[in-house]
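*Asks:* sequence plus the predicted model coming up.
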Amino acid sequence: MKITHKIHHMFLRLLISFVLLLVVASTSYGNTVSILGTNQAAGEGGSSSRFRVELSPTRGSDTIVHFTVSGTAVEAPLGTPFNDNDGYDYSYVGRAVTIPANNQYGYVDVFGIRNDTVVEGNETISLTLTNTDQGDTVSNSSGQGSMEITDNDNYTVNISPPASTVMSEGGGSLTYSVVLSNPVAASVTVDYAITGISSGDISEALTGTLSFAAGDTSKDITLTPVDDNIVEADETFTVTVDNFQSTLSPTNSSDSATGTIADNDTATVTIADASALENGSMQFTVNVDKVVAGGFSVDLTFTNGSATGGGTDYDSSTQTVTF
C-alpha cells in the first residue's frame with residue numbers, strides 16, 4: 001500500500017508538472033510582434049497606405065499592440081476634419097492596433113494624406129511597436145517601420161511687373177513683385193539685378209538679394225527714378241532674378257521683366273547778340289541751359305539785315321557748333 005501510494009503521489013506530481021509546462025508553453029512569452037514590409041510608400045493625392053503588424057505565432061484571443069508615431073510628416077490631431085490645406089500631412093492613425101483572435105496580422109491604416117500645394121519634399125512616417133496587452137516580445141530587427149510620402153508639388157520663381165512699366169523722372173516709382181508660384185516649406189533666397197541703366201538713374205541699388213521665409217510667396221523690388229537735369233533719351237532697363245538658393249529648388253533658373261524711365265527734361269539753345277568794328281571779327285556766344293546726354297550740334301545761319309553777307313559786309317557761310 002505504501003508503494004502504491006508513493007507511485008500515485010509521483011504520478012500526481014508529474015501530472016502537475018506537465019500541466020504547468022502546458023500553461024507556460026501557451027503563455028505569450030513565446031510570441032513576437034513585428035512590422036512586415038518596414039519600408040512603405042504613399043503619395044500626395046493618392047490612396048491610403050498601411051503598416052502590417054504580425055503576431056507570431058497566433059493566439060486564440062485578441063492581441064492589442066501599442067506603438068508610437070514619429071517622422072517628418074505632420075499628423076493631424078484626433079478629430080481634425082479633413083482639409084487638404086490645413087497644414088497637416090495625414091490623419092490621426094491612433095496608437096494601438098488589434099490583431100484578432102487566431103489571426104496573424106493587424107493593420108495600421110495611414111489615410112487622409114493631404115494633397116496640399118506646399119512644396120515640402122518627401123516626408124516620412126515612422127511607426128515603432130512598444131508593447132502588447134499580452135506581454136509579447138517586440139522584434140529587435142523589425143519592430144519599427146517607415147513610410148515615405150512623396151511630394152507632388154513644385155514651384156517657379158517669377159517676376160510680376162506692374163500694370164504700367166513706364167515711370168517718369170520725378171513722377172513716382174515702379175514695383176516689381178517676385179513671386180513663388182507655390183508656398184515652400186523652406187527658406188528661399190533670390191538674387192536680382194537691374195541692367196540697362198546706371199546707378200545714378202534710380203535711387204536704389206542695382207543689385208540685391210530677396211529672402212523668403214518658409215511659407216512666404218511674394219517680395220517686392222521698388223525702383224524710383226532720379227529726377228536729374230540731363231536731357232536724355234528714354235531708358236529701358238531689365239530686372240532679372242536668378243541664383244535661387246534653397247534646400248527645395250524651383251524648376252526654373254531665372255526670370256526677367258523690363259521697364260522704361262521716361263525723361264522729363266528739355267534743353268533750350270540761345271545765342272547772344274554781338275557787335276564788331278569794320279575790319280574786325282565778331283563772336284557770337286551760343287548757350288544750352290542743360291546737359292544733353294551724348295552731345296549734339298547746332299547749325300548757325302546768317303540772314304542779312306542792313307549788312308550784306310556773301311563777303312560784302314561779312315562772311316555769311318553756315319557754321320556748326322558742337323556741344
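*Replies:* On my side now, so go ahead.
*Asks:* now do the helices in this protein.
*Replies:* All helices of the chain, identified by DSSP state H, fall at 2-26.
*Asks:* show me where pLDDT drops low in it?
*Replies:* The model of the chain has pLDDT under 70 over residues 1-29, 316.
*Asks:* ok, and the closest non-adjacent residue to S253?
*Replies:* Using Cβ to Cβ, 6 or more residues apart in numbering and skipping residues adjacent in sequence, the residue nearest S253 is D242, 6.4 Å away. Where you see a C-beta, it was placed from the backbone N, CA and C, and this is true even at glycine.
*Asks:* bridged to the one you found, which residues?
*Replies:* Residues found in beta-bridge contact with D242 (criterion: DSSP bridges) are D191, S254.
*Asks:* what's the distance between it and T303?
*Replies:* Relative to T303, D242 is positioned 60 Å away (criterion: Cβ to Cβ, to the nearest Å).
*Asks:* P225 contacts E204, doesn't it?
*Replies:* No - using Cβ atoms under 8 Å as the test, P225 is too far from E204 to be in contact (10.1 Å).
*Asks:* more crowded one of the two?
*Replies:* When P225 and E204 are compared on other Cβ atoms under 10 Å, the one with more neighbours turns out to be P225, at 24 against 13.
*Asks:* next, the contact list for the residue nearest the centre of the chain, please.
*Replies:* Relative to the mean C-alpha position of the chain, the nearest C-alpha, by Cα atoms, centre = their mean, is the one of V184, at 3.5 Å. When contacts are counted by Cβ atoms under 8 Å, 6 or more residues apart in numbering, V184 is found next to 118-120, 155, 212, 214-215, 246, 248.
*Asks:* bridging residues for it?
*Replies:* Legend: beta-bridge partners of V184 under DSSP bridges are V119.
*Asks:* next: T137.
*Replies:* Per DSSP bridges, residues listed as beta-bridge partners of T137: T32.
*Asks:* that one: neighbouring residues, count only.
*Replies:* T137 has 16 neighbouring residues, counting by other Cβ under 10 Å.
*Asks:* wait, it sits on T32?
*Replies:* Yes - using Cβ under 8 Å, T137 is in contact with T32, at 4.7 Å.
*Asks:* ok, I149 to A262 distance?
*Replies:* Per Cβ to Cβ, I149 is found 53 Å from A262.
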